[in-house]
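Visitor: okay, here's the prediction I keep looking at, along with the sequence it came from:
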Amino acid sequence: MLSLSPSQTHSITREYMQNGYTLVDSLLDSQEILHIKDVIDELVQEAESTGQYDSLLEFEKERVEGRRIPRRIFNPFEQHEAFRNLATSDLILNHVRSLLGPNIALQHSKLNMKPRKVGAVVEWHQDYTYFPHSNDSLVGVLIYLDDAREENGCLQVLGGQHHRTFNHALPDGSFAGMITEPINEAQHGPVISLPASAGSAIFLHPFTPHRSSTNTSDSPRSTLIFEYRAADAFPLYTGSQLVGMERLTHHLCGEKKRTARFGGPAPEIYTPKDIPKSLYELQDASRSEMMTK
């Protein structure tokens, strides 16, 4: 088992608890990244050849030279053993254990791609609002598969703002999928950009507000995301979509708990009007609705 030194563990935990995120440089090496990218190309080519897109891919709204460009691979953990091997490796799990303890489950996985010139914007949001649990012992692991800069849409966060739920409601009270209250530097602190080289990973608290801008560069920016939870963090009911989400969870290590632990900030429970295909679709619909009000 790969192990972290006590000083490394303490540093990662302290920064995560204080700021709501921590950045680990070069978690994956170039060969590991190349292997993952080869798998992505294989999955996309297979979907294109069979025409079976819906269960695997979501596309950008804009076409490039007449072609549809993928912007997300759904549930990569379910799609290929390369993702399963990485998500269950001690390379990642040792960091997760340092934050959540020894009993860990995979909450879900996804792969977001920001293709060059067309990569879509993601508005401010807190992940926890999409999947509230009995406590906040969850962590998102976002692995850059490309060098990430502001020009190609690196992650941006509000540091230290992970102790409450921001408003994510539309005027009618339904879930907007994005923060709808004003964000300003005087109240919430500066926007922090997190550029890093390919293979670096961000460990993100589920209450940390974050966003990413449109990719205006000639360089793609793909991010592989694994969301983990402590085994005693149980989901709260937000609608029928929860049943489908729970089918994609997997207990990975330690003891499988049967009793829920309650703690963390009091969550607000939101339900979307419809069951969206992704964050992108929900935020698109919410932006349109808010513009007409």
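Guide: Structure received.

Visitor: and the pLDDT at residue 10?
Guide: pLDDT, residue 10: 80.

Visitor: give the burial count for it, as a bare number.
Guide: 12 (other CB atoms under 10 Å). The C-beta positions use only the backbone N, C-alpha and C, and glycine is treated the same way.

Visitor: show me what contacts residue 72?
Guide: In this structure, residue 72 makes contact with 57-58, 110-113, 278, 280, judged by CB atoms under 8 Å, 6 or more residues apart in numbering.

Visitor: change it to 10 Å
Guide: 56-60, 110-113, 120, 222, 277-280 (CB atoms under 10 Å, 6 or more residues apart in numbering).

Visitor: out of the residues you listed, which are buried?
Guide: Neighbour-count burial (16 or more other CB atoms under 10 Å) applied to the contacts of residue 72 gives 56-58, 60, 110-113, 120, 222, 279-280.

Visitor: which one among the contacts of residue 72 gets closest to residue 169?
Guide: When these are compared for distance to residue 169 (CB to CB), residue 279 wins out at 16.0 Å.

Visitor: quick check: closest non-adjacent residue to the closest one.
Guide: Nearest in space to residue 279, with sequence neighbours left out and distances taken as CB to CB, 6 or more residues apart in numbering, is residue 177 at 5.8 Å.

Visitor: quick one: the one you found is in a helix?
Guide: No - according to DSSP: H, G, I helix; E, B strand; the rest coil, residue 177 belongs to no helix; its state is coil.

Visitor: quick one: low-confidence ranges for the stretch 151-293 of the chain?
Guide: The model of the stretch 151-293 of the chain has pLDDT under 70 over residues 293.

Visitor: mark which of the buried ones among the contacts of residue 72 are part of helices, please.
Guide: Under the assignment DSSP state H, the buried ones among the contacts of residue 72 contribute 279-280 to helices.

Visitor: want to throw the buried ones among the contacts of residue 72 into CSV with distance to residue 190?
Guide: Converted to CSV, the buried ones among the contacts of residue 72 look like this (distance: CB to CB, whole Å):
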residue, distance to residue 190
56, 38
57, 36
58, 32
60, 30
110, 28
111, 29
112, 24
113, 28
120, 24
222, 27
279, 24
280, 26
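
Visitor: quick check: the farthest pair among the buried ones among the contacts of residue 72?
Guide: Farthest pair in the buried ones among the contacts of residue 72, by CB to CB: 56 and 120, 18.0 Å.
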